[in-house]
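Novice: what shape does this take:
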Amino acid sequence: MSWVNALARADIVALKVYEHAAWRPELERLHANELPWSPAGEDGRDGLNRYPQPQPRALLEGLARLYGVASDSVLLGRGSDEAIDLLCRAFCRAGQDAVLVCPPTFGMYAVSARIQGAEVISVPLRAEHGFALDEQALLERCTPATKLVFLCSPNNPTGNLLDAQTVLRIAAALAGRALVVLDEAYIEFADRPSLAAHIGAQPNLAVLRTLSKAYGLAGARCGALLADPQVITLLRKIIPPYAIPKLTVDAALARLGPAAMQSGRERLATLLAERARLERELTPLPLVARVWPSAANFLLVEFHDAQSALDRACAAGLLVRDARGYPGLARALRVSVGTPEQNSRLLEAWS
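Specialist: Here you go, the predicted model:
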C-alpha cells in the first residue's frame, strides 16, 4: 500500500471517481446536456454555455512552469481555500482524526477541519522569538490521529517567514505519519524561494500557492496545491468535475502572459517599497506600540489604543483588519499595503 493510501481515509481511497463528460474539443458537443447557443445567441462552441475543461491543461501547464514543478504535481482549485477543504475531507475521518495548526495563523485551516469533524490541535507560534515555530512542541503534540499539519509562511496575520530548515525537519520527522501542508500564499513578497522544490525528496510535504495575492486575481478565485502526484490523484477524486470556471481560466492565462508578468513585477517592486515606507514611518508614531517585520504584503501593527486607530482609519475612508481576535494579538491591526496615496492617507490618520 502506498503511503498516501495508508494515510488517507479508506473510503476516499476506494471511491469510484465520477465520470464527467468526455473532453473532445475537436468534436461538436451533443453529450453534456448543454444549451447549443451562448448567452449572446451566437455559435456556442467555445462559449459560457459549455462546461469548462476539468483541470484545464493549458492552465495546469502554465502554473507548473511558474512554480517549477511537473504538471502532475498540480491541482487547480478555487483559491487555496478549496485545497484546504479537500485535504481535510480526504485525510480526516470525523470524530477520529486531527489537524494541527500554529496560531495565530490563517483561520480556514481550523474551520475546514471542524467542518469535517476533525479535532484541531493548536501549537502556538513563539511570539517572543518573532512568531517562530515551536518545533519540539509541534512534534510532541502530533498524535497517531494527526493527519495534517498546516503551516503558513509568510504567516498570516503576523507576516513572518518560518525557518525553512525547521519546516523541512518537521516534514522529515512526520514522513509516513502526516502530510505537512505549507501555505505560501504570500511567498512572492518574500526574499526566499518556495519550498515546492523539496516535494520530490520529501513527498509528505505539500505547498499551497495562489494567484489571489501577488498576481492580483483575488476575484477570479484561482489557486493550486503542489504535491506528490499520489496526493493529487487522491484529491482529484473528490474535487467537483468542473471546478474552475472558464472566465477564471481565461483571466489566469492572460495574467501569465509576458506583458502582464512584466507589469506585475513593476507593481510588486512598488508594493515592496511602500511596505518599507509604511514600516519606517509607522514605527515612531505615538499611537503605535510596535510594527512587526513582514515578508508579506501587509504589516501587523500593535497600538496603545487599537480601537482608536481603527476608528481613525475608518474616518479617513480606509478599512484595515481588526486582528484583536487572534490569540496573543489583543492590541493588533493588520494593514494591507495599498497604493502610495492610500498609504499616505493612513499615515496621516494615525499621526
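Novice: helix or strand right after the longest helix along the chain?
Specialist: Ranked by residue count under DSSP state H, the longest helix found in the chain is helix 258-282. Next in sequence after helix 258-282, counting helices and strands by DSSP states H and E, comes strand 288-291.
Novice: what residues of that next one count as buried?
Specialist: 288, 291 (16 or more other CB atoms under 10 Å). Yep, even glycine has a C-beta here, placed from its N, CA and C like the rest.
Novice: what sits against residue 349?
Specialist: If a contact means CB atoms under 8 Å, 6 or more residues apart in numbering, then residue 349 has 312-313, 315-316, 318 as its contacts.
Novice: tell me the one of the residues you listed nearest residue 334?
Specialist: Residue 334 lies nearest to residue 313 out of those, by CB to CB, at 11.5 Å.
Novice: about what we covered before: now the contacts of residue 349: which count as buried?
Specialist: Using 16+ other CB under 10 Å as the burial test, the contacts of residue 349 include 312-313, 318 as buried.
Novice: from those, which is closest to residue 120?
Specialist: Using CB to CB, the shortest approach to residue 120 within those belongs to residue 313, at 31.7 Å.
Novice: these two touch, right, the closest one and residue 322?
Specialist: No: between residue 313 and residue 322 there is no contact, the gap being 10.1 Å when judged by CB atoms under 8 Å.
Novice: residues near the spatially closest residue to residue 72 that is not a sequence neighbour, how many?
Specialist: Residue nearest to residue 72 in three dimensions, not counting chain neighbours: residue 229, with 4.5 Å by CB to CB, 6 or more residues apart in numbering. Counted with other CB atoms under 10 Å, the neighbours of residue 229 add up to 17.
Novice: I'd say residue 229 and residue 73 touch.
Specialist: Yes: with contact defined as CB under 8 Å, residue 229 reaches residue 73; the gap is 5.8 Å.
Novice: which stretches of the stretch 101-250 of the chain have low pLDDT?
Specialist: Along the stretch 101-250 of the chain, no part satisfies pLDDT under 70.
Novice: residue boundaries of the helices in it?
Specialist: Secondary structure of the stretch 101-250 of the chain (DSSP state H, counting those that start in this stretch): helices at 108-116, 135-141, 164-173, 229-236, 246-255.
Novice: ok, which of these comes nearest residue 22?
Specialist: Comparison of the helices of the stretch 101-250 of the chain against residue 22 by CB to CB identifies helix 229-236 as nearest, at 16.0 Å.
Novice: for stretch 9-22, buried residues please.
Specialist: Result for stretch 9-22 [16+ other CB under 10 Å]: buried residues 9, 12-13.
Novice: check stretch 330-341 too.
Specialist: 331-338.
Novice: next: stretch 252-264.
Specialist: Buried positions in stretch 252-264, judged by neighbour count with 16+ other CB under 10 Å: 252, 255-256, 264.
Novice: and the contacts of that stretch?
Specialist: If you take CB under 8 Å, 6+ apart as the criterion, stretch 252-264 is touched by 58-59, 62-63, 66, 211, 214-217, 220, 222.
Novice: and that stretch, average pLDDT?
Specialist: Mean pLDDT, stretch 252-264: 96.
Novice: then it to PDB, C-alphas only?
Specialist: Output of stretch 252-264 as PDB, limited to C-alpha atoms (Å, rounded to 0.1, in the frame of the first residue of the first chain):
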ATOM      1  CA  ALA A 252      -5.300  33.400 -15.200                       C
ATOM      2  CA  LEU A 253      -3.800  32.600 -18.600                       C
ATOM      3  CA  ALA A 254      -3.900  36.300 -19.600                       C
ATOM      4  CA  ARG A 255      -2.200  37.200 -16.300                       C
ATOM      5  CA  LEU A 256       0.600  34.700 -17.000                       C
ATOM      6  CA  GLY A 257       1.400  36.300 -20.400                       C
ATOM      7  CA  PRO A 258       4.700  38.100 -20.800                       C
ATOM      8  CA  ALA A 259       3.400  41.700 -20.800                       C
ATOM      9  CA  ALA A 260       1.200  41.100 -17.700                       C
ATOM     10  CA  MET A 261       4.100  39.400 -15.900                       C
ATOM     11  CA  GLN A 262       6.300  42.400 -16.500                       C
ATOM     12  CA  SER A 263       3.700  44.800 -15.300                       C
ATOM     13  CA  GLY A 264       3.200  42.600 -12.300                       C
END
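Novice: quick check, distance from it to the centre of its chain.
Specialist: Offset of stretch 252-264 from its chain centre (CA atoms, centre = their mean, to the nearest Å): 20 Å.
Novice: okay, stretch 123-143 in CSV with CA atoms only?
Specialist: Extracted in CSV, the C-alpha atoms of stretch 123-143 (Å, rounded to 0.1, in the frame of the first residue of the first chain):
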residue,chain,number,x,y,z
VAL,A,123,0.7,24.6,19.0
PRO,A,124,1.1,28.4,19.2
LEU,A,125,3.9,30.2,17.5
ARG,A,126,6.6,31.7,19.7
ALA,A,127,5.8,35.4,19.8
GLU,A,128,8.9,36.1,21.9
HIS,A,129,11.0,34.7,19.0
GLY,A,130,9.3,36.6,16.2
PHE,A,131,6.4,34.1,15.9
ALA,A,132,8.8,31.2,15.2
LEU,A,133,7.7,27.6,15.1
ASP,A,134,7.9,25.6,18.3
GLU,A,135,9.4,22.6,16.6
GLN,A,136,9.7,20.4,19.7
ALA,A,137,6.2,21.1,21.0
LEU,A,138,4.7,20.5,17.5
LEU,A,139,6.3,17.1,17.1
GLU,A,140,5.3,16.1,20.7
ARG,A,141,1.7,17.1,20.1
CYS,A,142,1.4,15.1,16.9
THR,A,143,-0.6,12.0,17.8
